[in-house]
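Engineer: Just to be clear, the model below is a prediction. Sequence and coordinates:
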Amino acid sequence: MTKFVTTKADPYQVLEPNQSPRTDVQILDAISVFVCDAKLKIGDKLPPERELVDRLQVSRNTIRGALKRWEALGIIKRRKGSGTFLTADIQPGDSFLSLNIKSDPQSILNTLEIRRTLEAEAGALAAMRATVEDLCEIEKCIDEVERVHQMLGGAGDQDWEFHCAIYRASHNPIFEQIISGMHDAFHAFFEAPAQQKFADESLSLHRDLFNAIKEKDAELARSITHEIIDISERDVRRIAND
């Protein structure tokens, strides 16, 4: 495993690189060791991306992908112009789920079966547990989905943020950790040119889902989530048969 070596003179110091290919989970493991060795606390700043790239000897995209997973899990917060800050406690050995999912139609259909159960339950729990702050965040996300979709005809990244806000509102971080492991395959599939109109039919249902959560109607939130997944599944099958 790649390890950070720290000293009092330089809290970032050097890395002891492993020359074998590394997954984002291995990168996060290395950064976790650094966070603990450097005794960083919530609110402390992580090294800039370029320093992580140099020390870990991986591409900037690899670093960004790993940090994006942490951000989705609420472990870090990236502030434009300021840097990346720790927002949760990290311990050595913390697990970061990695799922290898191909972006072909059959793999996406298989994954949708898993997401159906997870997302329906996350929506129901969000309806029961969402705080006022959670609801404000979900509403802000759906507003952005609709704004970008109207402007560009698609809003993949914004749609993902909307769903992440619901996972967080469930107040069970495992939902987001598991589903974030599926994100790359879905993103690659949904954002391909042929699929860029993919979410058109389900767009209005996303607003309905927010309203169900806001009204604390768990069964309605679960039902609407199933409708959204039904549309996704139908569109994937259509694409597979084109």
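Structural biologist: Right, received. Where do you want to start? Numbers count the residues shown, from 1 in each chain.
Engineer: Residues contacting the host helix or strand of T84, please?
Structural biologist: Under DSSP states H and E, the secondary-structure element containing T84 is strand 83-86. For strand 83-86, the surrounding residues in contact (Cβ atoms under 8 Å, 6 or more residues apart in numbering) are 35, 40-46, 48-49, 67, 75-79. In this view, the C-beta of every residue, glycine as well, is placed from N, C-alpha and C.
Engineer: Which ChimeraX command selects the buried ones in the residues you listed?
Structural biologist: Here is the ChimeraX command that selects the buried residues among the contacts of strand 83-86 (16 or more other Cβ atoms under 10 Å):
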select :35,40,46,67,75,76
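Engineer: Just the ones of the contacts of strand 83-86 in strands?
Structural biologist: Helix and strand membership here follows DSSP state E; of those, those in strands are I76, K77, R78, R79.
Engineer: wait, what's in contact with M128?
Structural biologist: Contact analysis of M128 by Cβ under 8 Å, 6+ apart lists K216, A218.
Engineer: quick one: it and P173, what's the gap?
Structural biologist: 16 Å (Cβ to Cβ, to the nearest Å).
Engineer: for E49, same thing?
Structural biologist: As for E49, its distance to P173 is 24 Å (criterion: Cβ to Cβ).
Engineer: for L52, same thing?
Structural biologist: Applying Cβ to Cβ, one obtains 24 Å for the distance of L52 from P173.
Engineer: which of those two has more neighbours?
Structural biologist: Relative neighbour count places L52 above the other of L52 and P173, with 25 against 14, counting by other Cβ atoms under 10 Å.
Engineer: OK, contacts around the more buried one?
Structural biologist: By Cβ under 8 Å, 6+ apart, the neighbours of L52 are I31, L46, I63.
Engineer: Need those in a markdown table (columns: distance to S180).
Structural biologist: A markdown table is the format used below for the contacts of L52 (distance: Cβ to Cβ, whole Å):
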| residue | distance to S180 |
| --- | --- |
| I31 | 16 |
| L46 | 19 |
| I63 | 16 |
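Engineer: now, which of those residues sits nearest M182?
Structural biologist: For the contacts of L52, the residue nearest M182 by Cβ to Cβ is I63; the value is 20.9 Å.
Engineer: so what's that closest one closest to, chain neighbours aside?
Structural biologist: Among residues not flanking I63 along the chain, L52 sits closest, at 4.9 Å (Cβ to Cβ, 6 or more residues apart in numbering).
Engineer: Just the local confidence number for that neighbour, please.
Structural biologist: pLDDT recorded at L52 is 84.
Engineer: same check, this time on L135
Structural biologist: Model confidence at L135, given as pLDDT, is 98.
Engineer: how about it, phi and psi?
Structural biologist: Here the main-chain torsion angles of L135 (degrees, to the nearest 10) amount to phi -60, psi -40.
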